[in-house]
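[1] return atomic coordinates for the entry below.
(one chain, ligands or ions: 2)
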Amino acid sequence: MRWRGVVTDGVYMVGGPDISNVGDAASFIVDFNGELIMIDSGTGFKPQIIESNIHELGFDPHNISTLILTHCHFDHIGGAPYFREKYGCRILTHEIDSVAIERGDYIKTAAKWHNVKLEPLEIDEKLTGESAFMPFNGDGLHWLHTPGHTPGSICLYTDRGGRRILFGQDMHGPVKKYYRSDVNQWEKSMEMLLGLEADILCEGHYGIFEPKDKVVRYIKRCLRIQSRREAVNHPPDGWYRLTD
Ligand SMILES: [Zn+2]
Ligand SMILES: [Zn+2]
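    Ligands and ions are numbered 1, 2, ... in the order given. Next up, the predicted model:
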């Protein structure tokens, strides 16, 4: 598992708990022939560190055309206003989770969990439906609606040099009532992600998994842990312990 810098050619981890701020989910830059796409933006507690990591990689953040938010949680979206205001990128998320973000919903955005107030954030473009290909400068990203952790969660993937890179972010969960999680949808989404046969998994909180068999093992382990929780009728709480 690696925690910073180059994930693979043109894919970079620029933020995360060990990189920018302990509360931040991982954030990534994908370079499409000079057009930069950012995936998630951290809490916004230390966006300057994410910004300086982008510079350190030799990129100009003004070339970020699009910031994709994978779901409505504060640790993924809090930094979004900083990047849009400073660099003019458009913000994009699934329409279902956009409602909580645009309202600044204290509970549904998990702002309560982080003990912060979240200002309502306008979304520039809302994804609708179940999946599509987003073209960016000669290539692009596929997005998939993967409900479960939240109703409007998405995952993304792109193929580079014969390898499939999956941005799974909070695919692991947790599954909680007050996030409007749905364990049945979550299981279906995880099975769908297994079917992508990704070679590299960029996870929102647990780092980078590769090669393919490690990605498979990780997803299956999440499914096993969840089914054990269900079996003992114990409501899932907190982050999964992935050492099981
Ligand atoms: Zn998260
Ligand atoms: Zn989340």
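[2] how about the strands in this protein?
    With DSSP state E as the criterion, the chain has strands at 5-8, 11-15, 27-32, 35-39, 64-68, 90-94, 125-127, 131-136, 139-145, 154-160, 163-169, 200-203, 207-209.
[3] strands paired with the fifth one, and their directions?
    Think strand 64-68. strand 35-39 (parallel), strand 90-94 (parallel) (DSSP bridges).
[4] so the last one, near ligand 2 or not?
    No: judged by C-beta under 5 Å from the ion, strand 90-94 makes no contact with ligand 2; its nearest approach is 12.5 Å. Placement of C-beta: from N, CA and C, glycine included.
[5] chain center to that strand: distance?
    Average the C-alpha atoms of strand 90-94, do the same for its chain, and the two points are 12 Å apart (C-alpha atoms, centre = their mean, to the nearest Å).
[6] quick one on the thing from earlier: can the strands of the chain go into CSV with extra columns for mean pLDDT and distance to L194?
    Putting the strands of the chain into CSV (pLDDT from 0 to 100; distance: least, C-beta to C-beta, whole Å) gives the following:
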stretch, mean pLDDT, distance to L194
strand 5-8, 92, 20
strand 11-15, 96, 21
strand 27-32, 98, 21
strand 35-39, 98, 20
strand 64-68, 98, 22
strand 90-94, 98, 21
strand 125-127, 98, 22
strand 131-136, 98, 16
strand 139-145, 98, 12
strand 154-160, 97, 12
strand 163-169, 97, 10
strand 200-203, 96, 11
strand 207-209, 93, 13
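[7] got those as JSON lines, with mean neighbour count and distance to A111 columns?
    JSON lines is the format used below for the strands of the chain (neighbours: other C-beta atoms under 10 Å; distance: least, C-beta to C-beta, whole Å):
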{"stretch": "strand 5-8", "mean neighbour count": "15", "distance to A111": "29"}
{"stretch": "strand 11-15", "mean neighbour count": "25", "distance to A111": "18"}
{"stretch": "strand 27-32", "mean neighbour count": "23", "distance to A111": "18"}
{"stretch": "strand 35-39", "mean neighbour count": "24", "distance to A111": "21"}
{"stretch": "strand 64-68", "mean neighbour count": "22", "distance to A111": "19"}
{"stretch": "strand 90-94", "mean neighbour count": "22", "distance to A111": "16"}
{"stretch": "strand 125-127", "mean neighbour count": "17", "distance to A111": "20"}
{"stretch": "strand 131-136", "mean neighbour count": "14", "distance to A111": "28"}
{"stretch": "strand 139-145", "mean neighbour count": "19", "distance to A111": "23"}
{"stretch": "strand 154-160", "mean neighbour count": "20", "distance to A111": "20"}
{"stretch": "strand 163-169", "mean neighbour count": "24", "distance to A111": "18"}
{"stretch": "strand 200-203", "mean neighbour count": "25", "distance to A111": "22"}
{"stretch": "strand 207-209", "mean neighbour count": "21", "distance to A111": "25"}
